[in-house]
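S.K.: Dropping a prediction and its sequence here:
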Amino acid sequence: MELFLQSIVNGTIQSGFFALAAVGLVLIFGVMGVVNFAHGELVMVGAYTVWFLHAQHNTPFLITIVIAISLVTVIGMLMEKFLFRPMRDDPLGGLICSIGVLFILQVAATLVGGDGPSKQVPPPFEGTMVLFDFLRIPYQRLFSIAVSIAALGLLWHFLTHTKLGWALRAVSQDREAASLQGINSNRISMIAIAVGAAMAGLAGALMAPLTNINPHMGHNVIITAFIVTIVGGVGSLSGAVIASVLYALYHTFVTTYFNGTVATISGLLIMVLVLIIRPTGIMGHRVSE
């Protein structure tokens, strides 16, 4: 029973990382129609930034989070300006460009940190909260889930209560109709990828003290993001958040009682099953031609 409850707590905390990575991917795809395969590498860059500045040069942790978000946001905006925008009418070309960025960022991370063992970041917030004498929650994980919830709340407020958020949602639903209403689609695409990349950078920064950091860590991130996006419903931010919680709990339980490989493989099988039974996902809507 204690292991069961601890797994629920761990899964709930992990869902914050999954949601941050997934909503960024959903946002970029919904507005730009581009499958950004380099999204996992944006998370990796956020983690590497924290390792390089905080673990190697003793920069305060909170400052490194801001720097990580800023750096990844700039990378995302450059991708939109010079790669995705010229390929707007060629989705396959945009996908290929994102794969190219994936390899470039991996090589850059290798040059910065070397190709040795995975990097470690000492937890800035030490100590553990103990509940009911058996539930253990490290303060670092509490900080991470609190920041994740706050970031997702700010994103929801931005999308539902600001003019830019309304414009972004309008472009995601119908770019041509939004343009006819005077919305600058180029500007909105830039905002979409900036916000999506910022979420990825934040996810990487928060994950840095809790995971092994290496140039290829983005692979697992993008697999998870795709599973969550498809199960939640492509283009649905609320679906991505719901699927993140469900998949994080599932992944944690399977990892606890079996191992991580079984959890990932079975998660992919669930994604395929969802595509067969309900292609629109949990919260997705079928689009009429």
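M.R.: Noted; the coordinates are in hand.
S.K.: Could you use CA atoms for every contact and neighbour count after this?
M.R.: Noted.
S.K.: And the helices in the stretch 1-150 of the chain, which stretches?
M.R.: For the stretch 1-150 of the chain, the helices defined by DSSP state H, counting those that start in this stretch occupy 2-32, 39-50, 61-79, 91-113, 139-161.
S.K.: Of those helices, flag the one that's most buried.
M.R.: Across these, the average number of neighbours (mean count of other C-alpha atoms under 10 Å) peaks for helix 39-50, which reaches a mean of 30.
S.K.: Other residues contacting that helix?
M.R.: 21, 25, 61, 64-65, 67-69, 71-72, 102, 105-106, 109, 121, 197, 200-208, 213-222 (C-alpha atoms under 8 Å, 6 or more residues apart in numbering).
S.K.: So, low pLDDT: which residues of the stretch 151-289 of the chain?
M.R.: For the stretch 151-289 of the chain, residues meeting the criterion pLDDT under 70 lie at 284-289.
S.K.: Tell me where it has strands.
M.R.: With strands called from DSSP state E, counting those that start in this stretch, the stretch 151-289 of the chain shows none.
S.K.: List phi and psi for Ala38.
M.R.: Ala38 adopts backbone torsions of phi -90, psi 10, taken as degrees, to the nearest 10.
S.K.: repeat for Gly235
M.R.: phi 90, psi 0.
S.K.: which residues does Glu80 contact?
M.R.: Going by C-alpha under 8 Å, 6+ apart, Glu80 touches 189-190, 193.
S.K.: which residue ranges form the helices in the stretch 151-289 of the chain?
M.R.: 163-173, 175-180, 185-207, 218-232, 237-257, 260-277.
S.K.: Nearest to Val34, out of those?
M.R.: Comparing those by their distance to Val34 (C-alpha to C-alpha), the top pick is helix 185-207, with 10.3 Å.
S.K.: mind exporting the closest one as CSV, just the C-alpha atoms?
M.R.: What follows is helix 185-207, C-alpha atoms only, in CSV (Å, rounded to 0.1, in the frame of the first residue of the first chain):
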residue,chain,number,x,y,z
SER,A,185,-0.2,35.0,-39.0
ASN,A,186,3.6,35.5,-39.1
ARG,A,187,3.6,37.3,-35.8
ILE,A,188,1.3,34.7,-34.2
SER,A,189,3.5,31.9,-35.4
MET,A,190,6.5,33.5,-33.8
ILE,A,191,4.6,33.9,-30.6
ALA,A,192,3.4,30.3,-30.7
ILE,A,193,6.9,28.9,-31.1
ALA,A,194,8.3,31.3,-28.5
VAL,A,195,5.7,30.2,-25.9
GLY,A,196,6.1,26.5,-26.9
ALA,A,197,9.9,26.7,-26.7
ALA,A,198,9.8,28.6,-23.4
MET,A,199,7.7,25.7,-22.0
ALA,A,200,10.3,23.2,-23.3
GLY,A,201,13.1,25.2,-21.8
LEU,A,202,11.3,25.4,-18.4
ALA,A,203,10.7,21.6,-18.5
GLY,A,204,14.4,21.0,-19.1
ALA,A,205,15.5,23.4,-16.4
LEU,A,206,13.2,21.8,-13.8
MET,A,207,14.2,18.3,-14.9
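S.K.: buried stuff in it?
M.R.: Under the neighbour-count criterion of 16 or more other C-alpha atoms under 10 Å, helix 185-207 has 185, 188-207 buried.
S.K.: Mind giving me the packing neighbours of it?
M.R.: Judged by 3 or more C-alpha pairs under 8 Å, 6 or more residues apart in numbering; DSSP states H and E, helix 185-207 is in contact with helix 2-32, helix 39-50, helix 61-79, helix 139-161, helix 163-173, helix 175-180.
S.K.: now for those, which one comes closest to Ile276?
M.R.: Across the helices and strands packed on helix 185-207, closest to Ile276 is helix 2-32 (C-alpha to C-alpha), at 20.3 Å.
S.K.: what packs against the closest one?
M.R.: The contact analysis (3+ C-alpha pairs under 8 Å, 6+ apart) places helix 2-32 against helix 39-50, strand 135-138, helix 139-161, helix 163-173, helix 185-207, helix 218-232, helix 237-257.
S.K.: closest one to Cys97 among the ones you listed?
M.R.: Among the helices and strands packed on helix 2-32, the nearest to Cys97 by C-alpha to C-alpha is helix 39-50 (12.1 Å).
S.K.: and that closest one, what's its mean pLDDT?
M.R.: Helix 39-50 comes out with an average pLDDT of 97.
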